[in-house]
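Engineer: the amino acid sequence is not available; the structure is as follows:
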């Protein structure tokens, strides 16, 4: 897995063996869509895996990135990637279930401009995460939620306070972008 663009372009990332990272072409296409919406933004990478989405955003100018995953292997990989890239205090990791983390961020009044969701496929987690984000509003007023899911996953089109503004299919992956 590599960083596709920005100041860390071409740098390799450590990827735990038990995850399915977003394909490079899908990640590149997603960030091409988001061009101009990343600079200076606060990013949350839920179901972070290797942290590649948050790191990609940081590489392209995001001001800070938070990474949440329930796997110790994933958090270890993210911390190594963050250290190797010298992201320093701009990157925070959280070993926690993503749904609990959403509630905690809400409780502590923490909001984000870009929220990436790349949950495991076939488990309905994208829908559950969108519902949790609707209930516990941690998206800034001009922010985006970016979802990577399997093309057959049950997803939310409209509702919950979010509007679907982009839907693109890349092989078996769909990228959905929501806005308030």
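Structural biologist: Alright, I've got the coordinates. Note that the structure is a prediction, hence the values are computed from the model and not measured.
Engineer: before we move on, what SS does the residue nearest to residue 153 when sequence neighbours are not counted have?
Structural biologist: Excluding its sequence neighbours, the residue lying closest to residue 153 (CB to CB, 6 or more residues apart in numbering) is residue 126, at 5.7 Å. Every residue, glycine included, has its C-beta placed from N, CA and C. Recorded secondary structure, residue 126: helix (DSSP: H, G, I helix; E, B strand; the rest coil).
Engineer: any idea how far residue 175 is from residue 148?
Structural biologist: 6 Å (CB to CB, to the nearest Å).
Engineer: neighbour count: these two, which is higher?
Structural biologist: The neighbour comparison of residue 148 against residue 175 (other CB atoms under 10 Å) goes to residue 148, with 25 against 20.
Engineer: packing partners for the helix or strand hosting residue 145?
Structural biologist: Counting by DSSP states H and E, the element that carries residue 145 is strand 139-150. Packing contacts for strand 139-150, counted by 3 or more CB pairs under 8 Å, 6 or more residues apart in numbering; DSSP states H and E, involve helix 24-33, strand 112-117, helix 125-135, strand 173-179.
Engineer: and the last one, which strands flank it?
Structural biologist: When you say that, I think you mean strand 173-179. In the sheet, strand 173-179 lines up against strand 139-150 (antiparallel), strand 162-170 (antiparallel) (DSSP bridges).
Engineer: contact partners of the first one?
Structural biologist: What it means is strand 139-150. Strand 139-150 has contacts (CB atoms under 8 Å, 6 or more residues apart in numbering) with 22, 26, 30, 34, 37, 41-42, 53, 111-119, 121-122, 126, 129-130, 133, 155, 162, 172-180.
Engineer: report the mean confidence score over the longest helix anywhere in the chain.
Structural biologist: Longest helix of the chain, by residue count under DSSP state H: helix 72-84. Helix 72-84 comes out with an average pLDDT of 97.
Engineer: tell me the SS of residue 45?
Structural biologist: For residue 45, the assignment made with three-state DSSP gives strand.
Engineer: my guess is it contacts residue 58. True?
Structural biologist: No: with contact defined as CB atoms under 8 Å, residue 45 does not reach residue 58; the gap is 9.6 Å.
Engineer: and residue 42, how many neighbours does it have?
Structural biologist: When neighbours are counted by other CB under 10 Å, residue 42 registers 19.
Engineer: now do residue 10
Structural biologist: 8.
Engineer: from residue 170, how far off is it?
Structural biologist: From residue 10 to residue 170 the distance is 21 Å (CB to CB).
Engineer: the strands paired with strand 173-179: which one's closest to residue 80?
Structural biologist: strand 139-150 (22.4 Å; CB to CB).
Engineer: the longest helix of the chain: how far from the chain's middle?
Structural biologist: 15 Å (CA atoms, centre = their mean, to the nearest Å).
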